[in-house]
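> just a sequence and a predicted model for now, questions to come.
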Amino acid sequence: MPKSSIGHQERLRAVENLLLWAGQVSRARLAELFEVHGTVLSRDMAAHVESVPDNCRYDLTARAYIVTPYARPHLTEGKFEEYEGLVGSLPAKGLRAGVQLVSIQQNGTDVKRWSFSRIHIAIREGKQIDIEYRSLSNPVKHPRTIRPHAFIQAGPRWHVRAYCGMAEGFRDFNLGRIARVEDPVATEMPGPESDREWNRVIELRLRPHPHLNREQEQLVRDECLAGTVMRVFEVRLPLSKFVIQARGAAIDVDTQAPPEYLLAVYEPEALPHGALL
């Protein structure tokens, strides 16, 4: 995301957003977002602390202000979309050079501030965390201990990639299905270096759906594939399924047909296990 030189009030809102959603804010992190001298950024953080003293405490080791359990939004609405706009997942207001840009992207995941910030800290510090989770196979809340190592934004849904003690392996967890999150603690669970699927990059090929006629195929090539016969994505193995979903590509071309599906996965049977599910 390009740096912004917007004003004091906007930077104060950024301080609050980072506290609420990332769990901490530092001068170094603000310097990644704003083209402002470090002294000014320190004053911004001090001004926020003075106006909302219960929201954070200073941690000498981290050299950052850490969110407290009492933190509440004061300058912001406390919405996840505000954090997304700040860090660049969605177009940020004030950075559109006078050109109107309307996004219909809506979050399909109910992301909670406390949950997100605790998981954020666990990823950053390489710790494990106790959660309560629900899944389609087990829709009743049940405890799990995970060591998260990456957030995944897949269209309107958010996930976290983590080692799961119950499953004894790495899994993707939908943030909207996490009901409770405890504070992170030290761990000996495997980290991202042990996530073989995550560290494996595959080639995913998408082509026009074979049931299109010649003119329709050319249209889809021009619209979706930059005029080429096929587009190749180099993607982490567990993320392949999200790319397929985001592109609306058919896996079974006999049951997934146009006009709902304009693209298709090339030779899906040749993809490694885990690429499609």
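Received the coordinates, thanks.

> so how far is stretch 133-144 off the chain centroid?
Remark: stretch 133-144 is offset 21 Å from the chain centroid, using CA atoms, centre = their mean, to the nearest Å.

> which positions in it come out as buried?
133, 144 (16 or more other CB atoms under 10 Å). For glycine as for every other residue, the C-beta is placed from the backbone atoms N, C-alpha and C.

> other residues contacting that stretch?
Contacts of stretch 133-144 with the rest of the structure, by CB atoms under 8 Å, 6 or more residues apart in numbering, involve 130-132, 164-166, 173, 177-180.

> then stretch 226-233?
Outside stretch 226-233, the residues that reach it (CB under 8 Å, 6+ apart) are 203-207, 221, 224-225, 240, 243, 266.

> closest to Arg43 out of those?
Comparing those against Arg43 with CB to CB picks out Val243 as the nearest, at 43.2 Å.

> in terms of helices and strands, where is the closest residue to Lys141 other than its chain neighbours?
Distances taken as CB to CB, 6 or more residues apart in numbering place Glu132 nearest to Lys141, at 4.6 Å, with adjacent residues excluded. Taking DSSP states H and E as the criterion, Glu132 maps to strand 129-133.

> for the contacts of stretch 226-233, work out which two are farthest apart.
Within these, Arg221 and Ser240 form the most distant pair, 21.6 Å apart (CB to CB).

> sorry, back to before: just the buried ones among the contacts of stretch 226-233, please.
Using 16+ other CB under 10 Å, the buried ones in the contacts of stretch 226-233 are 204-207, 221, 224-225, 240, 243, 266.

> in a markdown table, list those residues along with pLDDT.
Converted to a markdown table, the buried ones among the contacts of stretch 226-233 look like this (pLDDT from 0 to 100):
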| residue | pLDDT |
| --- | --- |
| Leu204 | 97 |
| Arg205 | 97 |
| Leu206 | 97 |
| Arg207 | 97 |
| Arg221 | 96 |
| Cys224 | 93 |
| Leu225 | 94 |
| Ser240 | 96 |
| Val243 | 94 |
| Tyr266 | 97 |
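
> of these, which is the nearest to Glu50?
Of these, the one sitting nearest to Glu50 (CB to CB) turns out to be Val243, at 46.0 Å.

> I figured the closest one hits Leu204, correct?
Yes. Look at Val243 against Leu204 with CB atoms under 8 Å: they come within range, at 6.0 Å.

> find the residues that touch each one of these two.
Residues touching both Val243 and Leu204 (CB under 8 Å, 6+ apart) are 233, 235.

> number of nearby residues for Ser117?
Look at Ser117: counted by other CB atoms under 10 Å, it has 22 neighbours.

> and of the buried ones among the contacts of stretch 226-233, the nearest to Leu12?
If you rank the buried ones among the contacts of stretch 226-233 by distance to Leu12 using CB to CB, Val243 comes first, at 37.4 Å.

> name the SS class of the closest one, please.
Following DSSP: H, G, I helix; E, B strand; the rest coil, the label given to Val243 is helix.

> mind giving me CSV with the contacts of stretch 133-144 and columns for secondary structure?
Below are the contacts of stretch 133-144 laid out as CSV (three-state DSSP):
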residue, secondary structure
Asp130, strand
Ile131, strand
Glu132, strand
Cys164, strand
Gly165, coil
Met166, coil
Phe173, strand
Arg177, helix
Ile178, strand
Ala179, strand
Arg180, strand
